[in-house]
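# predicted model and sequence follow; I will ask about them next.
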Amino acid sequence: MNTIHLHEVGPRDGLQVEKKTVPFEEKIRWIEGSASAGMDAIQVGSFVNPEKVPQMADTDQLFQYFAAHKPGGVTLSGLVLNARGLERGLACGVEMFCMGVSASDTHSRKNTGMSSNEAQAVILPMAKQALAAGKKVQASVQSAFGCGFEGPIDPQRVLTLVKTYLEAGVRNISLADTAGHAQPHQVAELFSAIRALDQKVELACHFHNTYGLGLANCFAALDNGVTWFESSFGGLGGCPFTKLPAGNVATEDLVHSFQRLGLRKDIDLPALLEVARQVASFFERELPGFILKSGSIVDFHEPPTGGSL
């Protein structure tokens, strides 16, 4: 099996819809805690208009802080929507740029003020510029499995956007289930179709848990060549420009499930649970994640596979 990469997006996707402003020092604590637990990448924030997404107002300052206090063994990523965001990210030390376009024109216009095709025309030169600067680039197709405004999305629409990314030289492609509409068979078919386009592409997935299928979709993705998995501490998250914002797959739930299969046992699950507890304490409410409430059974003896019931 290919190496599994775990990408914590809580500091960005997890917080962007929260009304209670998280102090700079608290964000640092959660990011450092996730890094020390062994996460491979952490999305520190997004370079957006702070008037539209106030929670992201300190993204530049966070990257500047970590440029001087870099946690070891982790890649720090940032989300950019336009050339100005890319310029800001290059200036403050982003290591991996995440950028994308929605397969839904309606969602795209609400999120960026542009159609899908117009948004991709903006993204492509940005991706090339970041790659030329020696940065990692992940390009995504948002609302890849369905849209809260438009309903089902034609898979060919998604594949057309992916082909354009590949032709531009982007090798890390993410499919984001922004509205949480995906189901496992759909996930398997779409990622399999992308692998048929290019066997060497790095595939990433980003699932929201709107209808309770986020973790099941992760396993469908795992079985179909996906090696990058995005999740959020405690299961926080949601796009502020979709019809029904809902949380991401919880990082600690994803890691717990992988570890029960013998995967990524190098990750410190108790440390991830501690981060989730800190987040829950700050917001003074129960978070959507399951393992935070039920506790881990990773250390229980797992029966051998293939035996009779």
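Ah, there it is. Residues are numbered from 1 along each chain as shown.
# how close does Gln142 get to Asp58?
Here Gln142 is placed at a distance of 24 Å from Asp58 (Cβ to Cβ, to the nearest Å). Heads up, the C-betas are built off the backbone N, CA and C, glycines and all.
# who's more crowded, the two?
Neighbour totals were compared for Gln142 and Asp58, and Gln142 leads with 27 against 20 (other Cβ atoms under 10 Å).
# separation between Gly247 and Thr3?
Distance from Gly247 to Thr3, by Cβ to Cβ: 26 Å.
# who's more crowded, those two?
Neighbour totals were compared for Gly247 and Thr3, and Gly247 leads with 23 against 9 (other Cβ under 10 Å).
# wait, the more buried one touches His208, no?
Yes - contact criterion Cβ atoms under 8 Å: Gly247 and His208 qualify, at 6.7 Å.
# and the helices in the stretch 51-200 of the chain?
Using DSSP state H, counting those that start in this stretch, the helices of the stretch 51-200 of the chain run over 59-68, 83-92, 105-112, 116-132, 155-167, 184-197.
# deepest-packed of those, please.
Mean neighbours per residue, mean count of other Cβ atoms under 10 Å, is largest over the helices of the stretch 51-200 of the chain for helix 105-112, with a mean of 20.
# would you put the C-alpha positions of that one in PDB?
Output in PDB follows, covering the C-alpha atoms of helix 105-112 (Å, rounded to 0.1, in the frame of the first residue of the first chain):
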ATOM      1  CA  ASP A 105     -21.100  27.200 -11.000                       C
ATOM      2  CA  THR A 106     -23.500  28.300  -8.400                       C
ATOM      3  CA  HIS A 107     -21.200  27.400  -5.500                       C
ATOM      4  CA  SER A 108     -18.200  28.900  -7.400                       C
ATOM      5  CA  ARG A 109     -20.000  32.300  -7.800                       C
ATOM      6  CA  LYS A 110     -20.900  32.400  -4.100                       C
ATOM      7  CA  ASN A 111     -17.400  31.500  -3.100                       C
ATOM      8  CA  THR A 112     -15.300  33.500  -5.600                       C
END
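# so which elements touch that helix?
Applying 3 or more Cβ pairs under 8 Å, 6 or more residues apart in numbering; DSSP states H and E, one finds that helix 105-112 contacts strand 96-102, helix 116-132, strand 136-142.
# contacts for the last one, please.
For strand 136-142, the surrounding residues in contact (Cβ atoms under 8 Å, 6 or more residues apart in numbering) are 75, 77, 95-104, 107-108, 111, 123, 127, 130-131, 158, 161-162, 165, 170, 172-176, 178, 204, 206, 228, 239.
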